[in-house]
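Undergrad: Predicted model follows, preceded by the sequence.
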Amino acid sequence: QKEVEQNSGPLSVPEGAIASLNCTYSDRGSQSFFWYRQYSGKSPELIMFIYSNGDKEDGRFTAQLNKASQYVSLLIRDSQPSDSATYLCAVNYGGSQGNLIFGKGTKLSVKP
Amino acid sequence: GAVVSQHPSRVICKSGTSVKIECRSLDFQATTMFWYRQFPKKSLMLMATSNEGSKATYEQGVEKDKFLINHASLTLSTLTVTSAHPEDSSFYICSALGGADTQYFGPGTRLTVL
């Protein structure tokens, strides 16, 4: 059973702080990893993806991947109230093309 | 780039009727599209994988005769909920597979069955 685990939260951080969201996955053969943001009542929107071990930065967002430990994280620097949403970690384990396994999401709340 | 649209965004129907939801990739071609369902405060649930020109692949527990999927072109997939019942009320979201095996989501369709 391939699984993606996330802490459901809520994770509460003050405005301007760094928010750290973590995700672990069960299948070592997993190939690509995605972070989506979902506002309440809306569909997910892609934040970024990562394939290789290490860090990948895009603006205020940094994805970190450690395949040996089977975890992927998302750091949000200078958190803003508009970042308050549920963050979904998704893993492509290399099965059917593009098929993702989603975590249940971590709810982030950024307090002004 | 990588914009996906869905229509309608919201639909209310009577029990027993059928509802068709369209999913379009606007600025790219998508051989593969996915259909998800999400109940309030629950996680995304994959219903089926739709491949252009072939039959959809349904996840376990999803009735293929109730949720009809057609992927007639590289930019359009449709989901028809047949004989809808109140328990089918949910948020239906499609995604299209773009470059780098990345799924881009449509805005979703909120279905309410009375």
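TA: On my side now, so go ahead.
Undergrad: so which helix or strand takes in the residue most central in space within chain B?
TA: Centroid-nearest residue in chain B: B:Trp35, 3.7 Å away (criterion: CA atoms, centre = their mean). Assigned by DSSP states H and E, B:Trp35 belongs to strand B:32-38.
Undergrad: what residues are up against B:Ser18?
TA: B:Thr80, B:Val81, B:Thr82, B:Ser83, B:Ala84 (CB atoms under 8 Å, 6 or more residues apart in numbering or on different chains). All C-beta atoms are positioned from the backbone trio N, CA, C, and that covers glycine.
Undergrad: Can you give me the distance of the residue nearest to the centre of chain B to chain A?
TA: 12 Å (CB to the nearest CB, to the nearest Å).
Undergrad: Would you mind measuring from that residue to B:Ile21?
TA: 8 Å (CB to CB, to the nearest Å).
Undergrad: for chain B, what spans make up the strands?
TA: Ranges of strands within chain B are B:4-7, B:10-13, B:19-25, B:32-38, B:45-51, B:57-58, B:67-73, B:76-81, B:90-97, B:103-105, B:109-113, based on DSSP state E.
Undergrad: Residues of chain A that sit close to chain B?
TA: A:32, A:34, A:36, A:41-46, A:49, A:88, A:90, A:92, A:96-100, A:102-105 (CB under 8 Å from any CB of the partner chain).
Undergrad: Out of the residues you listed, name the ones that lie in helices.
TA: In this view, these have no member that belongs to helices under DSSP state H.
Undergrad: So which of these are in strands?
TA: Per DSSP E, these map to strands at A:Ser32, A:Phe34, A:Tyr36, A:Glu45, A:Leu46, A:Phe49, A:Leu88, A:Ala90, A:Asn92, A:Phe102.
Undergrad: just the buried members of these?
TA: Using 16 or more other CB atoms under 10 Å in any protein chain shown as the burial test, those include A:Ser32, A:Phe34, A:Tyr36, A:Leu46, A:Phe49, A:Leu88, A:Ala90, A:Asn92, A:Phe102 as buried.
Undergrad: Run through the residues that contact the second one.
TA: Each residue near A:Phe34 by CB under 8 Å, 6+ apart is listed here: A:Leu46, A:Met48, A:Phe49, A:Cys89, A:Ala90, A:Val91, A:Asn92, A:Leu100, B:Thr102, B:Gln103.
Undergrad: Mind picking the one among these that's closest to B:Cys13?
TA: Using CB to CB, B:Gln103 comes nearest to B:Cys13 of the contacts of A:Phe34, at 27.6 Å.
Undergrad: Grab the nearest non-local neighbour of the closest one.
TA: Nearest non-adjacent residue to B:Gln103, counting by CB to CB, 6 or more residues apart in numbering or on different chains: B:Ser95, 4.1 Å away.
Undergrad: right, and that neighbour touches B:Leu46 too?
TA: No. At 9.5 Å, B:Ser95 and B:Leu46 do not qualify as touching, with contact defined as CB atoms under 8 Å.
Undergrad: Switch the contacts of A:Phe34 over to CSV, and while doing so, append distance to B:Phe28 and pLDDT to every line.
TA: Shown next, in CSV, are the contacts of A:Phe34 (distance: CB to CB, whole Å; pLDDT from 0 to 100):
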residue, distance to B:Phe28, pLDDT
A:Leu46, 13, 95
A:Met48, 18, 94
A:Phe49, 16, 94
A:Cys89, 24, 96
A:Ala90, 19, 95
A:Val91, 23, 93
A:Asn92, 18, 90
A:Leu100, 18, 89
B:Thr102, 11, 90
B:Gln103, 12, 93
